[in-house]
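Colleague: Provide a 3D model corresponding to the input given below.
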Amino acid sequence: MGKIAVVKTGGKQYLVKEGETIVVDRLPQKKGEVIDLPVLALFNNEKEDLEIGDPLLKKTVKAEVVENDLKGEKIRVARFKAKVRYRRVKGFRPTLTKIKIVKI
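Modeller: Just a heads-up that it's a prediction; the model follows:
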């Protein structure tokens with residue numbers, strides 16, 4: 001029975017398992033550094049032994065930075081004004097970080 005945790009980073013929440021690799025918004029840590037992520041909820045595979053924080057638990061999840069400064073998919077941002085022939089399109093590629101969950 002493996003544990004599953006809901007962690008928070010970059011204003012978003014992620015459902016993670018031990019040994020899993022996830023891509024999150026850019027973090028300032030260097031490659032190979034271990035970071036602590038705050039835990040919102042903790043449970044096992046059968047959804048038993050549920051622990052919910054108020055808003056956070058005292059426990060943390062250890063994660064290692066695998067790769068930093070990845071580029072995400074391009075997002076097109078379009079501005080348009082009707083009847084004025086005004087159209088502007090800009091592109092944006094977010095910078096991301098890949099982290100591996102080491103210990104829950």
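Colleague: From now on I want contacts and neighbour counts done on CA atoms only, so please keep to that.
Modeller: Fine.
Colleague: Any idea which helix or strand in the chain has the lowest mean pLDDT?
Modeller: Least confident element among the helices and strands of the chain, by mean pLDDT, DSSP states H and E: strand 51-52 (a mean of 89).
Colleague: ok now stretch 19-32, how far from the chain's centre?
Modeller: 8 Å (Cα atoms, centre = their mean, to the nearest Å).
Colleague: swap in stretch 66-76?
Modeller: Per Cα atoms, centre = their mean, the centroid offset for stretch 66-76 relative to its chain is 13 Å.
Colleague: Sort out which residues of it are buried, please.
Modeller: Neighbour-count burial for stretch 66-76 flags V66, N68, D69 (criterion: 16 or more other Cα atoms under 10 Å).
Colleague: So which of the residues you listed belong to strands?
Modeller: Counting by DSSP state E, these place V66, N68, D69 in strands.
Colleague: Switch those residues over to TSV; also include distance to E33 and pLDDT.
Modeller: Shown next, in TSV, are those (distance: Cα to Cα, whole Å; pLDDT from 0 to 100):
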residue	distance to E33	pLDDT
V66	8	96
N68	11	93
D69	14	91
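Colleague: For stretch 54-67, measure first residue to last.
Modeller: Stretch 54-67 stretches 32 Å from its first residue to its last (Cα to Cα, to the nearest Å).
Colleague: Name the residues that touch it?
Modeller: Here stretch 54-67 makes contact (Cα atoms under 8 Å, 6 or more residues apart in numbering) with 7, 29-41, 97-104.
Colleague: Report the buried residues of stretch 87-99.
Modeller: By 16+ other Cα under 10 Å, the buried positions in stretch 87-99 come out as L96, T97, K98, I99.
Colleague: of all these, which two lie farthest apart?
Modeller: The largest separation in the buried residues of stretch 87-99, counting by Cα to Cα, is between L96 and I99 at 9.9 Å.
Colleague: Which residues are in contact with each of those two?
Modeller: V23, V24.
Colleague: now I52: how far from F80?
Modeller: For I52 relative to F80 (Cα to Cα), the value is 45 Å.
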